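**Q** I'll drop the sequence and a predicted model, then ask my questions.
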Amino acid sequence: MKSLIDHARSFSVRVAERPDEFRELAAGQSPEALFITCSDSRVIPSLITGARPGELFELRTAGNIVPRYDEARPSGEAATIEYALRVLGVRDIVVCGHSHCGAVGALVRGDDLSAVPAVRGWLDLGGGELPSAQGLAHCVQHHAAAQLDTLRGYPAVRERLADGQLSLHAWYYEVDTGAVSSHRPELDGAFRPL
């Protein structure tokens, strides 16, 4: 924790070296995309995409799960998605799964999650069976693509898709190599390098 505190203490010095850039950020945000990914500390959206501050609106959840839309039960995930589309006007949503995903791995292996009931309940929201016979990577890819189907159930997503103002993408990031591939529905749902 000490290194994080030291960095936070000296951050204002680095900001002072680029005052115009940060003053512009203070005036508002206009991100290019909503990037939905896992809470895993090894997955850093701005590192993967090269995004600068203000370019990505991020939503991080265990297993990059998008819960089903339920107007009667508001959630932070639903609020983030709605805000990104209706207020910020993002034109792209990326759901990015990753290699070595503990959440999807637990589902595939059928791990006993009784000691972490909130985690178990959350993972149950992921939706659908995972084709475990084809390996963890394939399961994570399938899982990321399945979240796009869940997103299509959100009113703001449906509206923007109908207007041709939104594109949905499923990506797969390999932690150990840095390679990123994209879901290609036109190629039988295969993931191919970006």
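**A** It's in. From a predicted model like this one, the values you see are computed outputs, not experimental measurements.

**Q** what about Thr37, neighbour count?
**A** Neighbourhood size, Thr37 [other CB atoms under 10 Å]: 23. Every C-beta, even on glycine, is put in place using the N, C-alpha and C of the backbone.

**Q** do the one 10 residues further on as well
**A** Using other CB under 10 Å as the criterion, Leu47 is surrounded by 11 other residues.

**Q** swap in Ala16?
**A** 9.

**Q** do the one 5 residues further on as well
**A** Glu21: 12 surrounding residues under other CB under 10 Å.

**Q** what's it in contact with, if anything?
**A** Pro53 (CB atoms under 8 Å, 6 or more residues apart in numbering).

**Q** Could you verify that it is part of a helix?
**A** Yes. According to DSSP: H, G, I helix; E, B strand; the rest coil, Glu21 belongs to a helix.

**Q** Is the spatially most central residue of the chain bridged to anything, and to what?
**A** Centroid-nearest residue in the chain: Ile36, 1.5 Å away (criterion: CA atoms, centre = their mean). When assigned by DSSP bridges, Ile36 has beta-bridge partners Leu59, Val95.

**Q** Surely it is in contact with Gly97?
**A** No. Counting by CB atoms under 8 Å, Gly97 is not a contact partner of Ile36; they are 9.8 Å apart.

**Q** which neighbours do these two share?
**A** Joint contacts of Ile36 and Gly97 (CB under 8 Å, 6+ apart) are Asn64.
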